[in-house]
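Colleague: Build me a model:
(chains A and B)
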Protein chains: 2
Amino acid sequence: MRSLVIGASGGIGGAIARLLFGRGEVFLAARRMEKAPPGAVRLEVTDELEVHAFFQSLPPLDLLVYAVGAVERSPLRDLPRSAFETVLGANLTGAYLVLKHARFTPGGRGVFLGAYPGYVRVPGFAAYAAAKAGLEALLDVARKEFRREGVHLILVRLPAVATGLWTPLGGPPKGALSPEEAASRLLSEALKDPPPEVVEI
Amino acid sequence: MRSLVIGASGGIGGAIARLLFGRGEVFLAARRMEKAPPGAVRLEVTDELEVHAFFQSLPPLDLLVYAVGAVERSPLRDLPRSAFETVLGANLTGAYLVLKHARFTPGGRGVFLGAYPGYVRVPGFAAYAAAKAGLEALLDVARKEFRREGVHLILVRLPAVATGLWTPLGGPPKGALSPEEAASRLLSEALKDPPPEVVEI
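Modeller: Numbering: from 1, shown residues only, chains lettered A, B, ... in the order given. Okay, here's the model as predicted:
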């Protein structure tokens, strides 16, 4: 198996990378190199030239995990444009650019991290809710387009996971899954046959 | 009643403007001035400085209709970044900026044009589907935040309407509603009491 984890400097991406270690060839990409595991390549997913060049340098993949995310909490009336763009960029635009340029083996799988709409469509999370809803729709369309390539796209709806994503929000909510637990469930579900379209954890 | 139609140079926005004519004070905003009705103000909804200044110049509104839209048809693998951004900008980012800066009277209504997910989550429409899904989520959050201001946000899911939006796609599909018909149904539903949250036409 040839895998790629994008967002390997994050809590969930890092845990997935550790789980995949030793299971074939594993490529890692991350934005924050100071937190990235050894061997990770620097990748800014909203930079199309970087994304294109990155996938040109890789062989076709059996498994791609897009574990990039960003969140901001702010009432919409106070939400800075830059924060809105950052959240959309990480959760949605980056996913579009990765899907556009990624190369898969026939039967390859792309796994993307979503959210439960009911958990995120709450005051303060306008940008995050919009970005994750956009991601779900993007995957619904891409899934139909990629079917003839034999590529399976999998949306994983996650509850709160205790990662650094929550740091600017004052820490993870009570009962948040550990990244290891989330990563383990995610991988075992996403690798099932036949490939699921949506996984709820 | 004091109303604002944003996107008055479009087919649906123009038809709504004509229907509102004579029903109180009506403000119009448009991007393409050569197609805009007389009296329309030029407004680029993705320019926050413009959006802010525009709402500062207006009194609080009883009715705001956001009839801005853009669509592109392209397989995701060939979808240019600029087209993705244009579609997101018109359908989602512009709506966020308008919601951020708009001022309503207590009991005011904001009406936004959505789409039926099943109609738009089809090959070639990744950006449009993502943007409209994002808009729905944005409104779900904003509706909760704006409730204490007494502002009602209404999502209108429209089938295909025979407007210029379809020109780059080779014309509207068979059976598309006329803009006048769509505008008339939209207004009569959106002005009902109690205000609906979602209108399906």
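Colleague: got the contact list for stretch A:110-124?
Modeller: A:12, A:63-67, A:69, A:73-75, A:95, A:99, A:102, A:104, A:128-129, A:132-133, A:135-136, A:139, A:146, A:151-160, A:186, A:190, A:200, B:137, B:140-141, B:144-145 (C-beta atoms under 8 Å, 6 or more residues apart in numbering or on different chains). In short, each C-beta sits where N, CA and C put it, glycine included.
Colleague: List the ones among those that fall in strands.
Modeller: Of the positions in the contacts of stretch A:110-124, A:63-66, A:104, A:152-158, A:200 sit in strands, assigned by DSSP state E.
Colleague: Please indicate which of those are buried?
Modeller: Of the members of those, the ones counted as buried by neighbours, 16 or more other C-beta atoms under 10 Å in any protein chain shown, are A:63, A:64, A:65, A:66, A:104, A:152, A:153, A:154, A:155, A:156, A:157, A:158.
Colleague: Which of the residues you listed sits closest to chain B?
Modeller: Looking at these and their distance to chain B, the nearest is residue A:153, at 10.6 Å (C-beta to the nearest C-beta).
Colleague: who are the neighbours in contact with the closest one?
Modeller: Contacts of residue A:153 (C-beta under 8 Å, 6+ apart): A:99, A:109, A:110, A:112, A:139, A:142, A:143, A:146, A:197.
Colleague: Please identify which helix or strand holds the fourth one.
Modeller: Counting by DSSP states H and E, the element that carries residue A:112 is strand A:104-115.
Colleague: Tell me which of the ones in strands among the contacts of stretch A:110-124 has the lowest pLDDT.
Modeller: Per-residue confidence across those is lowest for residue A:158, with 92 (pLDDT).
Colleague: Quickly list what that residue is bridged to.
Modeller: residue A:115 (DSSP bridges).
Colleague: how about the lowest-mean-pLDDT helix or strand in chain A: buried residues?
Modeller: In chain A, no helix or strand scores lower on mean pLDDT, DSSP states H and E than helix A:117-120, which sits at a mean of 92. Neighbour-count burial for helix A:117-120, counted by 16+ other C-beta under 10 Å, picks out A:117, A:120.
Colleague: Pull the distance from it to the chain's centre.
Modeller: The chain centroid and the centroid of helix A:117-120 are separated by 17 Å, computed with C-alpha atoms, centre = their mean, to the nearest Å.
Colleague: Just list the residues touching the residue of chain A positioned farthest from its centre, thanks.
Modeller: When distances to the mean C-alpha position of chain A are computed (C-alpha atoms, centre = their mean), the maximum falls on residue A:77, with 27.7 Å. Remark: with contacts taken as C-beta under 8 Å, 6+ apart, residue A:77 is in contact with B:99, B:100, B:145.
Colleague: Run through these and flag the ones next to chain A.
Modeller: Under the cut-off given by C-beta under 8 Å from any C-beta of the partner chain, chain A has B:99, B:100, B:145 from the contacts of residue A:77 close to it.
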